[in-house]
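> next input, structure requested:
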Amino acid sequence: MASSIRQTLERRTRQDEYNSKHGITPKTIVKALPKMEEFNSQQKEIKAKVKNETPIEEIELSIEQLKEMMQQSALELDFERAAFLRDLITRREADY
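So this is what the prediction gives:
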């Protein structure tokens, strides 16, 4: 533990020296967050597509579609939506 702390402090010192030498002021990154209403509407849309009354033949198709949507969300770095889809797939497979 002490070794890790010492290494971290050494790295921080080197980074501070580099920053001051090159005139760099560290800043916190600011990313736009998706609107919560948009996220909620996407969840409702997905839930509406896959209802409990879906026939067994269509459940397989919907699980495959959900997997594709999950993969696409992950590629788009929309991990919250991908996780939601993963959970929905898990529930669907459990019901199946």
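> so Glu17 is in which element?
Secondary structure assigned from DSSP states H and E places Glu17 in helix 2-21.
> center of the chain, which residue is that?
Closest to where the C-alpha atoms of the chain average out (C-alpha atoms, centre = their mean) is Phe79, at 1.5 Å.
> Leu85 is in contact with that one, correct?
No: using C-beta atoms under 8 Å as the test, Phe79 is too far from Leu85 to be in contact (10.5 Å). (Each C-beta comes from the backbone N, C-alpha and C, glycine too.)
> quick check: neighbours shared by those two?
Ser73 (C-beta atoms under 8 Å, 6 or more residues apart in numbering).
> what is the subsequent helix or strand relative to the lowest-mean-pLDDT helix or strand in the chain?
The weakest-scoring helix or strand in the chain, judged by mean pLDDT, DSSP states H and E, is helix 36-49 (a mean of 70). Where DSSP H and E defines the elements, the next helix or strand beyond helix 36-49 is helix 56-75.
> poorly predicted segments of this protein, please.
By pLDDT under 70, the weakly predicted segments of the chain are 33-37, 39, 47-61, 96.
> for the protein, list the residue farthest from the centre, please.
Farthest-out residue of the chain from its mean C-alpha position, per C-alpha atoms, centre = their mean: Lys21, at 36.7 Å.
> and Glu93, how far is that from Asp16?
51 Å (C-beta to C-beta, to the nearest Å).
> ok, back up a step: ramachandran angles for the residue nearest to the centre of the chain?
Main-chain dihedrals, Phe79, degrees, to the nearest 10: phi -70, psi -30.
> report the contact partners of it.
So Phe79 contacts Ser73 (C-beta under 8 Å, 6+ apart).
> ok, now with 10 Å
If a contact means C-beta atoms under 10 Å, 6 or more residues apart in numbering, then Phe79 has Ser73, Arg86 as its contacts.
> ok so, going back, and the helix holding Glu17, how far out from the chain middle?
31 Å (C-alpha atoms, centre = their mean, to the nearest Å).
> what's the answer for stretch 23-32, then?
22 Å.
> stretch 19-32 now?
25 Å.
> and that stretch, end to end?
Taking C-alpha to C-alpha, to the nearest Å, stretch 19-32 runs 26 Å from one end to the other.
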